[in-house]
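K.L.:
3D, please:
(one chain, ligands or ions: 1)
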Amino acid sequence: MLSRQQIDDFNEQGYMVLERLFSDRQTGALKNAALKIVDAFDSNRHRTVFRTDDRDTGRDDYFFNSAETVHCFLEDGAVNEAGEVVLPKHLAINKIGHALHDRVPEFTSFCRQPVIAEILRDLGLQSPQLWQTMYIFKQPSIGGEVRWHQDASYLITRPAGVIGLWVAVEDATRENGCLWMQPGQHRSPLREIYKVDWSSRKGTLKELDETPWAIEHAVAVEAPAGSLVLFHDHMPHYSSTNTSDRSRHAFTMHVADSRTRWAEENWLQRPNLGAFRL
Ligand code: FE2
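P.N.:
Numbers count the residues shown, from 1 in each chain. Coordinates of the predicted model:
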């Protein structure tokens, strides 16, 4: 599927964009499936907000338990001080996670497309295993910023080797909060690590390295709907608040080779579901 040049570029830059790999029909099916989940979501019962400006201190059991099921998380800007949801449900969700691939047939069939496993094998994964999936809404006007981070801080394998796959379900532009990356910086050290102590069910984000982010070299990764962005787990990435009037839906998958070991201190554990092989 990938040319030698594309593989070399991925290894050199730490990320790659395959424009319009998926059809409108495919991205439309993902969007409809996500909206059906939102329809069924009771925002009075579950009011967990997903934000990244609190050093991840807000992670609760509703979050940890989403590793093996499908939970909806709210936008900070959709909830008032009393914790009440002040926007219509379909404009209030930050994301859905983290086992869409196991639990929702439309996502299962999307992930099982042979082209995805082929790309991952081209990138050196012998037996790709899908650990988590998320549907991210980046809502108009309030879609929250995701601060600079590296996914290896949150998805720990030994040796490190998670690949992130990010599908633009809608056009991603600077205005609506596209991804930003730092080409070549996947070789920079891991800055932080988020570990969970399961006896207390508490997660802590610990600083590992003070090397500053190379923000001056950051590039906006604008991508038309249907594009696939792949990136290395040490690649620093970011997305701004969506201040535009257009949403920026995306579907993400995180994959590791079965030869790597999944760490016990990862927040995401799948004791019941086990491995999902692509
Ligand atoms: Fe990330």
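K.L.:
same question for stretch 102-119, mean pLDDT?
P.N.:
Stretch 102-119 shows a mean pLDDT of 98 in the predicted model.
K.L.:
for it, which positions count as buried?
P.N.:
Neighbour counts over stretch 102-119 (16 or more other Cβ atoms under 10 Å) mark 102, 104, 106, 107, 110, 111, 116, 117, 119 as buried. For every residue, glycine as well, the C-beta is placed using N, CA and C.
K.L.:
So the last one lies in a helix, does it not?
P.N.:
Spelled out, it's residue 119. Yes. Checked against DSSP: H, G, I helix; E, B strand; the rest coil, residue 119 lies within a helix.
K.L.:
Residue 7 is in contact with that one, correct?
P.N.:
No. When contacts are counted by Cβ atoms under 8 Å, residue 119 is not listed as touching residue 7 (9.8 Å).
K.L.:
can I assume residue 27 is in contact with residue 223?
P.N.:
No. Between residue 27 and residue 223 there is no contact under Cβ under 8 Å: 11.6 Å.
K.L.:
Overlap in contacts, these two.
P.N.:
residue 168 (Cβ atoms under 8 Å, 6 or more residues apart in numbering).
K.L.:
Moving along the chain from whichever strand or helix holds residue 101, name the first helix or strand you hit.
P.N.:
Residue 101 belongs to helix 100-103 when elements are defined using DSSP states H and E. With elements assigned by DSSP H and E, the helix or strand that comes after helix 100-103 is helix 105-111.
K.L.:
now the end-to-end length of stretch 186-198.
P.N.:
30 Å (Cα to Cα, to the nearest Å).
K.L.:
To clarify, my last question referred to stretch 86-95.
P.N.:
Per Cα to Cα, the first residue of stretch 86-95 is 17 Å away from its last.
K.L.:
Mind listing what's buried along it?
P.N.:
Judged by neighbour count (16+ other Cβ under 10 Å), stretch 86-95 contains these buried residues: 87, 89, 91, 92, 93, 94, 95.
K.L.:
Check the separation of the first and last residues in stretch 14-24.
P.N.:
27 Å.
K.L.:
try stretch 129-147
P.N.:
Start-to-end, stretch 129-147 (Cα to Cα) is 27 Å.
K.L.:
same thing with stretch 253-262?
P.N.:
OK, stretch 253-262 end separation, Cα to Cα: 16 Å.
K.L.:
and that stretch, what's its mean pLDDT?
P.N.:
Mean predicted confidence for stretch 253-262 is 97.
K.L.:
same thing with stretch 58-68?
P.N.:
Mean per-residue pLDDT for stretch 58-68: 92.
K.L.:
What residues sit buried inside that stretch?
P.N.:
In stretch 58-68, residues buried by neighbour count (16+ other Cβ under 10 Å) are 58, 59, 63, 64, 66, 67, 68.
K.L.:
Surely the first one forms part of a strand?
P.N.:
It stands for residue 58. No. Checked against three-state DSSP, residue 58 lies outside a strand; its state is coil.
K.L.:
Spit out the contact partners of residue 141.
P.N.:
Contacts of residue 141 (Cβ under 8 Å, 6+ apart): 77, 242, 243, 244, 245.
K.L.:
and which of those is nearest to residue 33?
P.N.:
residue 242 (21.6 Å; Cβ to Cβ).
K.L.:
need the contact list for the closest one.
P.N.:
So residue 242 contacts 138, 139, 140, 141, 142, 143, 175, 176, 177, 248 (Cβ under 8 Å, 6+ apart).
K.L.:
Distance check, the fourth one against residue 94.
P.N.:
Using Cβ to Cβ, to the nearest Å, we find residue 141 at a distance of 13 Å from residue 94.
K.L.:
now do the third one
P.N.:
Spatial separation of residue 140 from residue 94 under the definition Cβ to Cβ is 13 Å.
K.L.:
And for residue 35?
P.N.:
Going from residue 35 to residue 94 by Cβ to Cβ gives 15 Å.
K.L.:
What pLDDT does the model give residue 45?
P.N.:
Looking at residue 45, its pLDDT reads 80.
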